[in-house]
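# quick check, what structure comes out for this input:
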Amino acid sequence: MLIGPHTHDEFMEVARTFHGYPAPGLIIGGYMVELARRGLPEGVLFDAISETEQCLPDAVQLLTPCTVGNGWLRIMNFGIYAVSLFDKRTGEGVRVHLDVDKMGPWGEIRTWFLKLKPKKDQDTPLLQAQIKEAGPDILTARPITVRPDRLGHKGKGLVGRCPLCGEYYPVSSGGICRSCQGESPYHAGPGLAFEGQPALRAVPVAEAVGRRALHDMTRIVPGEHKDAEFTAGQELTAGDICRLQLMGRNSIYVQEDTDAAVAEGGKTDGAWVHEDEAAKTFAAMLAGEGVAMREDPREGKANLTATRDGLLLVDAERLERFNLVPDVMCATRQGYSVVLAGTKVAGTRAIPLYLSRENYIKATAMLQDGPLLRVLPMRAAKIGILVTGTEVFQGLIQDKFAPIIAQKAQRLNCEVVNTVFAPDDAALITQGVRDLIAAGADLVVTTAGLSVDPDDVTRKGLVDAGLADMLYGLPMLPGTMSLVGRIANEQAPHPVQVLGVPACALFYKTTALDILLPRLLAGVEITRRDLAKLGEGGLCMECKSCTYPKCPFGK
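Residues are numbered from 1 along each chain as shown. Now for the predicted structure:
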């Protein structure tokens with residue numbers, strides 16, 4: 001089998017010239033590209049995807065018009081030795097992968113690919129000989145269709161100048177270039193707060209009379225008091241000297257002795273930004289709907305509070321990126337917490353008294369894509385409760401589920417419109433769901449019947465009632481066998497939400513129900529990935545006295 005226009009030995013020399021040496025991965029990659037190309041119609045314009053960044057992309061670039069530079073070759077580094085060639089327009093093509101199950105006759109290839117022994121101990125001549133002998137016989141090809149959203153090429157968009165480094169970059173990356181955001185591989189200096197501050201001169205407290213404090217000064221009485229005893233801009237009097245000394249302040253900074261670098265009060269067009277100005281700016285950019293700064297910064301910190309009852313959403317990924325910027329911080333309450341209006345949900349500040357303009361720009365760039373904090377209102381749902389179980393339906397045992405669900409619903413300002421009992425019969429469970437929806441329920445909570453027992457047919461009954469987008473099972477104890485989904489309702493503008501609660505809710509005061517219900521009421525979309533994230537913190541400590549939500553469960 002030729003590799004493009006080359007024999008095996010000719011391609012070895014081409015690879016040596018291009019790659020530096022005829023790497024086994026590159027030679028095998030040549031066969032892979034050739035096999036994929038033969039699976040495409042003659043004359044079709046194609047793109048390529050390499051699922052590894054090692055060697056295989058070089059084979060694509062040697063044998064096809066697809067390169068990283070022209071964007072026709074995309075490297076998706078899954079660490080899988082596979083390549084796909086596909087029609088640019090339709091996405092239909094061929095994927096070829098190196099198949100370990102076909103390497104039986106060629107043990108040295110298998111040893112090399114699976115790294116069964118160090119490179120220095122491999123028999124390179126034998127490896128190369130086996131690659132030539134095997135050719136395409138160690139490969140598997142199959143047809144694929146690339147998703148429509150992965151077809152075509154995205155331009156880099158508008159180009160702007162980075163305000164920090166001065167380089168031009170795609171402005172879609174943010175307010176500063178990705179290099180200045182911290183992705184640069186180059187050493188840019190330690191960037192520690194104490195290594196860069198404006199030249200401020202300390203004044204003995206006895207000489208501070210009649211001058212104005214440059215920053216808030218805090219007095220702490222352990223267990224009793226912590227607050228700003230003196231505030232920025234406050235004029236100091238003779239009577240303040242003793243209080244300052246009792247606070248351990250023998251010298252202080254005053255506004256009149258600020259260095260020329262901050263002579264304009266730390267405006268953003270200077271070299272430094274005062275902590276209060278920085279905190280105000282950060283707070284304004286962090287706060288989204290339902291969140292606001294409570295008051296002007298104190299002690300250099302701005303507090304953010306909920307302006308309404310609801311569910312707190314935190315963009316955790318961008319919060320981490322913001323906190324990676326030197327000399328700034330933001331601490332929040334746990335995302336998805338139920339909060340009341342007036343509750344403090346976050347605090348932010350610049351850590352030093354004066355923040356460098358560079359770090360100020362970096363920090364604000366992290367916030368330019370929108371707020372990090374929101375409080376979503378939770379609707380007052382009309383809840384229908386479906387209690388399943390033949391033993392309850394027949395009155396053999398008293399139902400305790402409905403009161404538990406009703407209590408939790410009422411605590412969140414919801415109304416229970418009806419309660420229906422159904423035996424372990426899928427058809428009757430289906431009818432029960434339909435009766436609840438007809439009664440006006442926009443959220444159906446089913447109880448029990450969700451385990452692996454053969455009599456547990458609640459899921460089948462829900463599916464027969466039209467349940468879609470079902471997510472069943474999550475990494476929480478108690479509450480693993482919980483269920484969420486939705487049922488289309490022609491009589492209402494939105495689908496009816498469904499929450500399945502396992503029997504453990506009878507025994508434990510707090511379960512997955514308490515984590516999921518507020519999200520449903522706030523209209524937050526729940527995905528499988530969201531459920532997977534609940535694994536960390538999803539183990540209840542089973543305390544004798546439950547203090548939820550003041551505990552780590554669900555966090």
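# tell me what the lengthiest helix in the chain is packed against?
Criterion DSSP state H: the longest helix present in the chain is helix 24-38. Contacts defined by 3 or more Cβ pairs under 8 Å, 6 or more residues apart in numbering; DSSP states H and E place helix 24-38 against helix 8-19, helix 56-63, strand 82-87, strand 92-98, helix 107-113, helix 124-134, strand 139-145. For every residue, glycine as well, the C-beta is placed using N, CA and C.
# which element follows it toward the C-terminus?
As assigned by DSSP states H and E, the chain's next helix or strand after helix 24-38 is strand 46-50.
# angle of that following strand against strand 82-87?
Interaxial angle of strand 46-50 relative to strand 82-87 (axes from the mean of the first three to the mean of the last three Cα atoms, to 10 degrees): 160 degrees.
# ok, the residue most central in space within the chain to residue 323 distance?
Geometric centre of the chain, nearest residue: residue 317, 4.7 Å, by Cα atoms, centre = their mean. For residue 317, the distance to residue 323 equals 11 Å [Cβ to Cβ, to the nearest Å].
# how about residue 15?
Using Cβ to Cβ, one gets 46 Å for the distance from residue 15 to residue 323.
# the helices and strands packed on helix 24-38 into JSON lines, with extra columns for mean neighbour count and mean pLDDT?
Shown next, in JSON lines, are the helices and strands packed on helix 24-38 (neighbours: other Cβ atoms under 10 Å; pLDDT from 0 to 100):
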{"stretch": "helix 8-19", "mean neighbour count": "16", "mean pLDDT": "93"}
{"stretch": "helix 56-63", "mean neighbour count": "23", "mean pLDDT": "96"}
{"stretch": "strand 82-87", "mean neighbour count": "24", "mean pLDDT": "98"}
{"stretch": "strand 92-98", "mean neighbour count": "20", "mean pLDDT": "97"}
{"stretch": "helix 107-113", "mean neighbour count": "19", "mean pLDDT": "96"}
{"stretch": "helix 124-134", "mean neighbour count": "16", "mean pLDDT": "96"}
{"stretch": "strand 139-145", "mean neighbour count": "15", "mean pLDDT": "97"}
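# same list, the ones you listed, but as CSV with distance to residue 249 please.
Below are those laid out as CSV (distance: least, Cβ to Cβ, whole Å):
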stretch, distance to residue 249
helix 8-19, 67
helix 56-63, 63
strand 82-87, 67
strand 92-98, 70
helix 107-113, 68
helix 124-134, 73
strand 139-145, 71
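# which of these sits closest to residue 490?
strand 139-145 (34.0 Å; Cβ to Cβ).
# may I have the closest one exported as PDB, CA atoms only?
Coordinates of the C-alpha atoms in strand 139-145 are reproduced here as PDB (Å, rounded to 0.1, in the frame of the first residue of the first chain):
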ATOM      1  CA  LEU A 139      -5.800  -0.100  11.700                       C
ATOM      2  CA  THR A 140      -9.600   0.000  11.900                       C
ATOM      3  CA  ALA A 141     -11.700   2.500   9.800                       C
ATOM      4  CA  ARG A 142     -15.300   3.300  10.200                       C
ATOM      5  CA  PRO A 143     -17.700   6.000   8.800                       C
ATOM      6  CA  ILE A 144     -18.400   9.000  11.000                       C
ATOM      7  CA  THR A 145     -20.400  12.200  10.700                       C
END
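# packing partners for it?
Under the contact definition 3+ Cβ pairs under 8 Å, 6+ apart, strand 139-145 sits against helix 24-38, strand 82-87, strand 92-98.
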